[in-house]
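>>> my questions are about this predicted structure, shown below with the sequence.
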There are 2 protein chains.
Amino acid sequence: MSEPGDEVVASRQHGKRPTMLDVAREAGVALRTVSRVVNSDPTVGRDVMTRVQAAVRALDYQPDERARQLRRGVTGLIGAAVRNLADAHLVLGAIDRAAREAKLTVLAMSTEDEEQLEREAVMSMCRRRVDGLIIEPISTNHEYLAPELAAGLPLVAVDRPTGGIATDCVRSDNAAGIGMAFRHLTLHGHHRIAYVGDQERVFTGRERAAAFRACVAASGGVLDGMVHPGEVEPARVAHALDQILVGAQPATAIISGSAETTVEVLRSLGPRAADIAVVGFDDFLLADLIRPALTVIAQDSATIGRTAIELLLARTKDPTRPLETVTVPVELIPRGSGELPPPAGR
Amino acid sequence: MSEPGDEVVASRQHGKRPTMLDVAREAGVALRTVSRVVNSDPTVGRDVMTRVQAAVRALDYQPDERARQLRRGVTGLIGAAVRNLADAHLVLGAIDRAAREAKLTVLAMSTEDEEQLEREAVMSMCRRRVDGLIIEPISTNHEYLAPELAAGLPLVAVDRPTGGIATDCVRSDNAAGIGMAFRHLTLHGHHRIAYVGDQERVFTGRERAAAFRACVAASGGVLDGMVHPGEVEPARVAHALDQILVGAQPATAIISGSAETTVEVLRSLGPRAADIAVVGFDDFLLADLIRPALTVIAQDSATIGRTAIELLLARTKDPTRPLETVTVPVELIPRGSGELPPPAGR
DNA sequence: ATGAAAGCGCTAACAT
DNA sequence: ATGTTAGCGCTTTCAT
């Protein structure tokens, strides 16, 4: 009536997954022993171990991570609240790779650039008790995270700083990047350089516009009508270009403040792109296929992602260590568009 | 010595998070009552509810999802094993959006096109007891998932079918897409059309190459030296283009079998891209900025992602429903490169 | 309308 | 080297 194989079959049916207790019964040992085998505890006898492993395979047993985590207190999950999952999000890729090396899984949630969604995503991750949180801040006020911080949650801001709370942070050297672009264009003979970028409401937009203004001021150039932060909207960008290119003293070069802006600028310029120098902040896929190929200030996404994980691990190991902001260098990649000379006579 | 506020402070320190029991004590009610309030049970008295909510806020209590999930049996997590997190992964974005609408969180893990990583990612998600799994198959054999399937795991394959197990599936109409590209080029006067694509080891590569051969055969055209599946390597693609474009009867048009291939083809063609018609399978960002702008067969990523979630939810609701494979239509977007005529005299 | 007790599946002390 | 007993923090019967 009750042959050895019966239980196996029974456990396989019903959509019921076997528990450690099922395995213990199957192998004729105590539950604790199964736990030992599953966790590779060396103090298990060879034959018992073999029996347990056989039972594990016979039942297709897979330990329930939820229970382990509840008991152990850690989840092995790193939360990542990023602007977008669909875009080419190189930083996320780097975070994922670095996390995998540290035996951690990344739970990435999209904030879609909405403060409300950021908050929901972040709190939902906290309720899942992620071991750490990487956040590409959208909100300007992150005081809602203060209790989590106090409870010991390691938190790293990426690309922008958080507001209202002090955290570790990794970001690109925006000012240096704008400076490199400006000098590059200057060296190629440009004296009237314009800036089109993101809205200054966003931290990076603010910082890059400020850096641009500083460059112009330092070089004794003209600012008037040359700085155009704002929404990344075709109409707004087209209008900005009008202002820049029309008139007695049109700009001969453009620095664009973000990848999204660059794309709009290029679309809006159309054929005129052949006659005006452009340097874009942020590299993107296929920037080399455009004609002229696009000169960019490239952010080091791989380093940013890896550093984010490193900061997270460092804080996990030592919660009392001083806060750190890592500024990652950027690189100018000349491809053609930034080396166009100004039209003769300017 | 022991004033009302003391406990609050005590709970806030130490990096210890308050539990439901702490809240219960703070509010002077039973743990069960806190649970009711947290879960919006309507049978709670108004004043008790207020007291509990006050305690929740005072302690910054956040329920531990791990414990809830362990008890309730569901995680609210959908696993997604996709090729890459960093690339522009529009399907993942669509999955994320559809999941959010269904109050589900997506746990995305990258397979990096490696069978081993796919398996590890998938099994790790199963151990986390995801409520369902979406998989962009890399492996050709997914029998390792049979026990999970038997245990009732809803599983949907995206872009490609699984091997060795029967699952629901969403994929693009590859054959129709290749057909559209072929007819489009034919209508624009091309008689010698070549195909460069992914290796046939990959399902989509196989299917698209096969569809291309069928098109040529049906049109009575020449196959010889015209079909070039293989690695997406600069050298391999360049070699394929040599074969296609050199000789007495060079091709006048190219269909490329994937976005990655298209990029390599365009890079390799360089200026020659102005003189040869190209239709690429799969759209990509900025395909409109290239000159000539790229004509593509665009996959409907939004529909694919949404359908994946729909199939998952349908199977969750009714585990016995018949398996379904949804084939999503593709669309030809003419932008210029696919409308180039053959050189005069061919 | 509220509470006491059991238990989800596991690991961690503590035996033996 | 193996087993027994407590919980982890919550939801769920089942009282009251």
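That came in fine, so what should we check first?
>>> do you have the strands of the stretch 201-346 of chain A handy? List them.
In the stretch 201-346 of chain A, the strands defined using DSSP state E, counting those that start in this stretch lie at A:227-229, A:253-256, A:277-281, A:295-298, A:325-328, A:331-333.
>>> what is the helix or strand hosting residue A:69 packed up against?
Per DSSP states H and E: residue A:69 is located in helix A:65-72. Other elements packing on helix A:65-72 under the criterion 3 or more Cβ pairs under 8 Å, 6 or more residues apart in numbering or on different chains; DSSP states H and E are helix B:65-72. All C-beta atoms are positioned from the backbone trio N, CA, C, and that covers glycine.
>>> what about whatever residue of the stretch 1-150 of chain A ends up closest to DNA strand D, distance to residue A:164?
DNA strand D sits closest to residue A:45 of the stretch 1-150 of chain A, with a gap of 2.8 Å, by Cβ to the nearest atom of the strand. As for residue A:45, its distance to residue A:164 is 57 Å (criterion: Cβ to Cβ, to the nearest Å).
>>> first-to-last residue distance for stretch A:116-135?
Length of stretch A:116-135, first residue to last, Cα to Cα, to the nearest Å: 14 Å.
>>> so is it next to chain B?
Yes - contact of stretch A:116-135 with chain B (Cβ under 8 Å from any Cβ of the partner chain) involves A:123, A:124, A:126, A:127, A:128, A:129.
>>> quick check: phi and psi at whichever residue of the stretch 151-300 of chain A sits closest to DNA strand C.
Nearest residue of the stretch 151-300 of chain A to DNA strand C, counting by Cβ to the nearest atom of the strand: residue A:152, 17.8 Å away. Main-chain torsions, residue A:152, degrees, to the nearest 10: phi 100, psi 10.
>>> same question for residue A:137.
Dihedral angles (degrees, to the nearest 10) for residue A:137: phi -60, psi 140.
>>> was I right about it contacting residue A:165?
No - using Cβ atoms under 8 Å, residue A:137 is not in contact with residue A:165, being 10.2 Å away.
>>> ok, residue A:207 - how many residues close by?
21 (other Cβ atoms under 10 Å in any protein chain shown).
>>> how many residues are close by residue A:307?
Neighbours around residue A:307, by other Cβ under 10 Å: 23.
>>> do the same with residue A:273
Residues lying near residue A:273 (other Cβ under 10 Å) number 22.
>>> who's more crowded, residue A:137 and residue A:165?
Taking other Cβ under 10 Å, residue A:137 and residue A:165 do not tie; residue A:137 has more neighbours (24 against 17).
>>> and the more buried one, what does it touch?
A:118, A:157, A:159, A:160, A:161, A:162, A:163, A:203 (Cβ atoms under 8 Å, 6 or more residues apart in numbering or on different chains).
>>> can you rerun that using 10 Å?
Under the criterion of Cβ atoms under 10 Å, 6 or more residues apart in numbering or on different chains, the contact list for residue A:137 reads A:81, A:83, A:111, A:115, A:118, A:122, A:157-163, A:167, A:169, A:202-203.
>>> now residue A:65
Shown in contact with residue A:65 (Cβ under 10 Å, 6+ apart): A:72, A:75-77, A:105, B:66, B:70, B:75, B:124-130.
>>> can we see that at 8 Å?
Counted by Cβ under 8 Å, 6+ apart, residue A:65 has contacts A:76, B:124, B:127, B:128, B:129.
>>> check residue A:279 too.
Neighbour list for residue A:279: A:181, A:184-185, A:253-256, A:295-297, A:332, A:337-338 [criterion: Cβ under 8 Å, 6+ apart].
>>> drop anything exposed from these.
The neighbour-count criterion (16 or more other Cβ atoms under 10 Å in any protein chain shown) marks A:181, A:184-185, A:253-256, A:295-297, A:332, A:337-338 among these as buried.
>>> and the residues you listed, which is closest to chain B?
Sorting those by distance to chain B puts residue A:337 at the head of the list, at 11.6 Å, by Cβ to the nearest Cβ.
>>> ok, that closest one touching residue A:273?
Yes - the pair formed by residue A:337 and residue A:273 meets the contact definition of Cβ under 8 Å, at 7.2 Å.
>>> circling back to that earlier point, which among the strands of the stretch 201-346 of chain A is found nearest to residue A:312?
strand A:325-328 (12.0 Å; Cβ to Cβ).
>>> helix, strand or coil for the residue nearest to residue A:227 when sequence neighbours are not counted?
Among residues not flanking residue A:227 along the chain, residue A:195 sits closest, at 5.0 Å (Cβ to Cβ, 6 or more residues apart in numbering or on different chains). For residue A:195, the assignment made with DSSP: H, G, I helix; E, B strand; the rest coil gives strand.
>>> and residue A:195, bridged to which residues?
Beta-bridge partners of residue A:195, counted by DSSP bridges, are residue A:227, residue A:255.
>>> now the residue nearest to residue A:301 when sequence neighbours are not counted: how far from residue A:303?
Distance criterion Cβ to Cβ, 6+ apart; nearest residue to residue A:301, sequence neighbours excluded, is residue A:90 at 3.6 Å. As for residue A:90, its distance to residue A:303 is 11 Å (criterion: Cβ to Cβ).
>>> go on, residue A:37?
In terms of Cβ to Cβ, residue A:37 sits 41 Å off from residue A:303.
>>> on that earlier part again, mind checking which of the contacts of residue A:65 land in helices?
Among the contacts of residue A:65, the residues falling in helices (DSSP state H) are B:124, B:127.
>>> just checking: which of the contacts of residue A:65 also lie near DNA strand D?
Taking Cβ under 7 Å from any atom of the strand as the test, DNA strand D is in contact with none of the contacts of residue A:65.
>>> just the contacts of residue A:65 now: which is nearest residue B:228?
For the contacts of residue A:65, the residue nearest residue B:228 by Cβ to Cβ is residue B:124; the value is 37.5 Å.
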